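Asks: I'd like to go over a predicted model; first the sequence, then the structure.
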Amino acid sequence: MEYDIAIIGAGISGAAIARELSKYSVKTILIEKNPSVSMGTTKANSGIIHGGYAAKNGTNKARFNVASLPLFEKVCNDLNVSYSKIGSFVVALEKDQIEKLYELKENGLKNGIKDFKIIEDPKKILKMEPNLNPNVCGVLYCPGAAIISPYELCINFVENAIINGLRFLPDSEVIEIKKEDKFKIIIRSGIEIKSNIVINAAGLYADKISSLVGLDYFKITPRKGEYVLFDKNVMKINHILFPVPTKISKGIVVSPTVSNNFFVGPNAKNIDDKEDISCTLDGLKEVIEGGKKLIPNLPLRDAITVFAGLRAVSNNNDFIIEQTEIDGFINVAGIQSPGLSSCLGIAVYVVDILKNIGINLRLKTDFIPTLDKPPHFAYLSPKDKDELIKKDENYGRVICRCETITEAEIRAAINSPLPARTLDDIKFRTRAGMGRCQGGFCTSRIISILCDELGKNPTEITKHGKGSELVIGTTKHLRRDTK
Amino acid sequence: MKTYITDIAIIGGGPAGLAAAISAYENGVNVLLIERDFELGGILPQCIHNGFGLGIFDEELTGPEFAQRYINKVMEYKIPIMLNTMVLEIRPNKNILAVNKNEGAILVKPKAIILAMGCRERTRGNIRIPGTRPAGIYTAGLAQRLVNIEGLMPGKKFVILGSGDIGMIMARRLTLEGAEVKAVIEILPYTSGLIRNKVQCLDDFGIPLLLQHTIIEIKGKDRVESVVVSKVDENWEPIKGSEKSFECDTLLLSVGLIPENELSKTAGVELDPKTRGPIINNYFQTNVEGIFACGNVLHVNDLVDNVASEGTLTGEIAAKFIKKIIKIDKNFVQLLCGRNIGYVLPQKVNKTAFKNSVRFYMRVKKPENNVYINFKVNDKLIYKKFERFARPSEMLIIDLPKQDILIDNNILIEVIPKEKKSEN
């Protein structure tokens, strides 16, 4: 297989770059080791588009965060991605933290952010955020900060890019890269891909991919963050709430999600194992304690799930986005927070790098900027629901009862440009199984639909790929095997 | 949009809804029974074990058999049923918005509503078990559905967290299917399900029950590989050094049930934080006039017979309410939970009590033997009942004669050991 450009890694950075490149007449392939996109760092992202005041002026983090901010609204609109500009508070709970708010404001001004202010009237603050710790003495309010679904953005980037000609190759771990006249990328399965350009967006493994071409100049450390997610409608949180930041992280946040849930997290702990996304007893305690500082009456019994993700932290603590010593090998590495907030700017910049090294990038005339998605049944008016069911009766069968996800939406996900093949795929595409019962009701029904659409047996259906089979066989078979 | 008009709309076709539908019909009103699944019976079709029906039929039935007796009656009476129909919203004016494949969106306009949506299982997230998130973690009810309805085995080697009834019943069921159940882990010093299930499902099959233990970590990347179990102290905190690892491919959770009241909330129905079900008066009526509730949507019952009898009573009351045979006046006294009372239903009692006695349902917080359940008004004992065993897993039902509650003050219920004097 021969391509102009190969992108390694279908997280948010690789996906954003793939979508940006799909505007041009180049042959691009996106290579991913997991069965789906958005399965690594992006999956467990906080889903916050940061206001641009926090990243230190002069860093890549600040540059790309600020560059991306004006682009989100249009992209989300075009790609049908949930996005909501609800604004953020950095919350000072003690008088001596107010100073820190002014420092952040100062930094924000340097970054070119104007739309924010410090509020020091607790009454006014508590009116805006009634469940906030009543000891609040001041907040830095940034109305431009937004919430987004990180995996929806990632998935829709790739779907749109596929429509515009991208080749997506899942289940494909890169084990070797040879530089000949072109790059020769060898996949664990034996497939070989030739490409003029390699863009390394391999997240936690970006250092490993870079070392495959002999570039060992940086190291990625996984920094774990744990989260607790809460049910809808149990407590109203209006803004993204940050504590005053510490040296290594923005602190434990309380934030609504675009689906009306809210979460507490993440903590920050450097670890060794790049696959360790387990939650720990101590970590969850830390998260809850942290959350209670901002929201003292955290409704703990309405927690619906806990999860952890790993940030890909580079040893210089900033994004590494550059054409390397090896012609045509571009690193996009160390994309930790505010990585999601920076993805659009990063993608545009990577295209600039390609133009600068002389790649002929011609805008396509037939580029399709928008992505049609089946409507979210749950959010429609009764009249629209009625009309939709009359058009396709599968909208009339609700499979996920907690999130009101219909059979039609699940079938559409399986038949989308980026077909859902696993239970987790269905979950991240449609939200079925993401609600308060966590799949207790819908799992067996989704297995049936997957079997029906894919022509498989239930024993072949997995949670997230090979090895994560959901059932081991039929009842009678096991009894026979035991004997 | 298609609109239906009826006297009583019943939401949920499980044992509570079925019993309520039959009883309302027998009391002479039109009923519409709305069920989201493709068949009636609620959770009963997957409860293929026996032990149902002793209270009502004086027979031991399986879940499907118990449900069928009610379904047969519903069929005999030709009570209108809407299957595969999901209610999305109940408006405070009692209009119900539902959808199904054949009719699209439907508006149901009843004079009264009976909420009978049942309950759902608590999940891993509710109790925040640390560890990885591989395949092979199921609630006991989902595993029961996979095995008994779909004919699929979720795994070979099981650990079960929580000694709820479904968990213990599944321990036996899976053993009979050839799987190995390594242990049932319970954080409390006693089982949270019925004693009879511990004896028949665990003891008889040699399945170890570890009381005062919990799971502190789930291991395995793609599929569950093991769980780490630890002893806990009296505050449920894991005791360091007591950790044991159990190799298994599946973890079942039987850690409690939660009444499913998301729809009740859309109607403006007030919930009791103790039961997580609607606050009702002795007419099973919620704070919204004409909206009644019965069964597990109200509080989690341990016996289906109780669920059905609540349904029967509620159906009759709702029918008589519509026919204006009974009037529900607005003056209530409150029931207060005193010593060792976890919750009590109803939470409010109307002075013009229905029938000759009022039935109270309650659970104790901690197990105690040889106790009196005391009902007090202004520190004066108005009624007491001796109980040989009071266990959280076994609901207490006490019928109070009507004359005893014809009072104007709130009633305090407390559990007092026999030897002790009542605490003031």
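Replies: On my side now, so go ahead.

Asks: now do stretch A:410-420: distance to the chain's middle.
Replies: 19 Å (Cα atoms, centre = their mean, to the nearest Å).

Asks: check which residues of it are buried.
Replies: Neighbour counts over stretch A:410-420 (16 or more other Cβ atoms under 10 Å in any protein chain shown) mark A:410, A:411, A:412, A:413, A:414, A:416, A:417, A:418, A:420 as buried. Backbone N, C-alpha and C define where each C-beta goes, glycine included.

Asks: what about residue 131, how many neighbours?
Replies: Just going to use chain A. Number of residues near residue A:131 (other Cβ atoms under 10 Å in any protein chain shown) recorded here: 18.

Asks: nope, chain B
Replies: 24.

Asks: for it, name its beta-bridge partners.
Replies: With DSSP bridges applied, residue B:131 shows beta-bridge pairing to residue A:279, residue B:218.

Asks: gap between it and residue B:176?
Replies: 29 Å (Cβ to Cβ, to the nearest Å).

Asks: ditto for residue B:295
Replies: 29 Å.

Asks: comparing the two, which residue is more hemmed in?
Replies: residue B:295 (34 against 12).

Asks: quick one, domains of chain A?
Replies: What automatic domain parsing lists as the domains of chain A is A:1-370, A:377-482.

Asks: can you give me the helices for chain A?
Replies: A:12-21, A:60-68, A:72-79, A:98-111, A:122-128, A:150-163, A:206-212, A:281-294, A:339-356, A:382-391, A:407-414, A:423-430, A:443-454, A:475-482 (DSSP state H).

Asks: counting contacts, what elements does the third one pack onto?
Replies: Taking 3 or more Cβ pairs under 8 Å, 6 or more residues apart in numbering or on different chains; DSSP states H and E as contact, the helices and strands that helix A:72-79 lies on are strand A:83-84, strand A:146-148, helix A:150-163.

Asks: cool, and the fifth one?
Replies: Applying 3+ Cβ pairs under 8 Å, 6+ apart, one finds that helix A:122-128 makes contact with strand A:138-142.

Asks: try it again with 6 Å
Replies: Contact partners of helix A:122-128 among helices and strands, from 3 or more Cβ pairs under 6 Å, 6 or more residues apart in numbering or on different chains; DSSP states H and E: none.

Asks: check which residues of it are buried.
Replies: Those would be A:122, A:125, for helix A:122-128 by 16+ other Cβ under 10 Å.

Asks: for the longest one, same thing?
Replies: Neighbour counts using 16+ other Cβ under 10 Å place A:339-351, A:353-354 of helix A:339-356 among the buried residues.

Asks: go on, the last one?
Replies: By neighbour count, and taking 16+ other Cβ under 10 Å as the criterion, the buried residues in helix A:475-482 are A:475, A:477, A:478.

Asks: what helices or strands is it leaning on?
Replies: Using 3+ Cβ pairs under 6 Å, 6+ apart, helix A:475-482 sits against no helix or strand.

Asks: for that helix, give me every contacting residue.
Replies: Contacts of helix A:475-482 with the rest of the structure, by Cβ atoms under 6 Å, 6 or more residues apart in numbering or on different chains, involve B:147, B:151, B:153, B:177, B:178.

Asks: likewise the third one?
Replies: Counting contacts by Cβ under 6 Å, 6+ apart, the residues outside helix A:72-79 that touch it are A:49, A:83, A:156, A:160, A:369, A:370, A:371.

Asks: got any ranges where the chain has weak pLDDT?
Replies: I'll assume chain A. A:248, A:481-483 (pLDDT under 70).

Asks: my bad, the chain I had in mind was chain B
Replies: Using pLDDT under 70, chain B drops low at B:352-354, B:404-407, B:420-424.

Asks: give the residue farthest from the middle of it.
Replies: Each residue of chain B has a distance to the centre, and by Cα atoms, centre = their mean the biggest one is for residue B:241: 37.0 Å.

Asks: that one: what secondary structure?
Replies: Following DSSP: H, G, I helix; E, B strand; the rest coil, we place residue B:241 in the coil state.

Asks: skipping its backbone neighbours, what lies nearest the residue of the stretch 201-350 of chain B found nearest chain A in space?
Replies: Here the stretch 201-350 of chain B gets closest to chain A at one residue, residue B:222, 3.5 Å apart by Cβ to the nearest Cβ. Leaving out its chain neighbours, the residue that sits closest to residue B:222 by Cβ to Cβ, 6 or more residues apart in numbering or on different chains is residue A:467, at 3.5 Å.

Asks: can you map out the strands along the stretch 201-350 of chain A?
Replies: With DSSP state E, counting those that start in this stretch as the criterion, the stretch 201-350 of chain A has strands at A:220-230, A:240-243, A:253-256, A:262-265, A:269-270, A:303-314, A:320-323, A:329-333.

Asks: ok, which of these comes nearest chain B?
Replies: strand A:303-314 (3.5 Å).

Asks: for that closest one, which outside residues touch it?
Replies: A:41, A:44, A:203-204, A:218, A:220-231, A:277, A:279, A:284, A:320, A:333-334, A:336, A:436, B:125, B:128.

Asks: would you mark the buried spots in it?
Replies: A:303, A:304, A:305, A:306, A:307, A:308, A:309, A:310, A:311, A:312, A:313, A:314.

Asks: then stretch B:226-235?
Replies: B:226, B:227, B:228, B:229, B:230, B:231, B:232.

Asks: and if you look at stretch A:372-379?
Replies: A:373, A:374, A:375, A:376, A:377, A:378.

Asks: now the closest residue to the fifth one other than its chain neighbours: how far from residue A:400?
Replies: Read that as residue A:377. Spatial nearest neighbour of residue A:377, excluding adjacent residues (Cβ to Cβ, 6+ apart): residue A:406 at 4.9 Å. Going from residue A:406 to residue A:400 by Cβ to Cβ gives 8 Å.

Asks: interface residues of the stretch 51-200 of chain A facing chain B?
Replies: For the stretch 51-200 of chain A, the contact set with chain B under Cβ under 6 Å from any Cβ of the partner chain is empty.

Asks: give me the residue from the stretch 51-200 of chain A nearest chain B.
Replies: residue A:171 (13.5 Å).

Asks: show me the contacts for that residue.
Replies: Counting by Cβ under 6 Å, 6+ apart, residue A:171 has contacts residue A:35.

Asks: ok, residue A:279 touching residue A:226?
Replies: Yes: at 5.0 Å, residue A:279 counts as touching residue A:226 under the criterion of Cβ atoms under 6 Å.

Asks: which of those two has more neighbours?
Replies: The neighbour count for residue A:279 versus residue A:226, taken as other Cβ under 10 Å, is higher for residue A:226 (28 against 25).

Asks: show me the beta-bridge partners of that one.
Replies: residue A:308.

Asks: now do residue 17: how many residues are near it, please.
Replies: Using chain A here. Counted with other Cβ under 10 Å, residue A:17 comes out at 29.

Asks: hm, I was asking about chain B
Replies: Residue B:17 has 35 nearby residues by other Cβ under 10 Å.

Asks: what's near enough to touch the residue farthest from the centre of chain B?
Replies: Contacts of residue B:241 by Cβ under 6 Å, 6+ apart: none found.

Asks: please report phi then psi for it.
Replies: phi 90, psi -10 (degrees, to the nearest 10).

Asks: how far away is it from residue B:230?
Replies: 9 Å.

Asks: how about residue A:71?
Replies: Distance from residue A:71 to residue B:230, by Cβ to Cβ: 49 Å.

Asks: for residue B:127, same thing?
Replies: Counting by Cβ to Cβ, the gap from residue B:127 to residue B:230 is 14 Å.

Asks: give me the element residue B:414 is part of.
Replies: Taking DSSP states H and E as the criterion, the element that holds residue B:414 is strand B:411-417.

Asks: contacting residues around that strand?
Replies: B:335-336, B:338-341, B:344, B:364, B:371-377, B:390, B:422.

Asks: who does that strand pair up with?
Replies: strand B:332-337 (parallel), strand B:368-377 (antiparallel).

Asks: tell me the most buried of those strands?
Replies: strand B:368-377 (a mean of 19; mean count of other Cβ atoms under 10 Å in any protein chain shown).

Asks: give me the neighbour count for the closest residue to residue A:370 other than its chain neighbours.
Replies: Nearest non-adjacent residue to residue A:370, counting by Cβ to Cβ, 6+ apart: residue A:78, 4.8 Å away. Neighbourhood size, residue A:78 [other Cβ under 10 Å]: 15.
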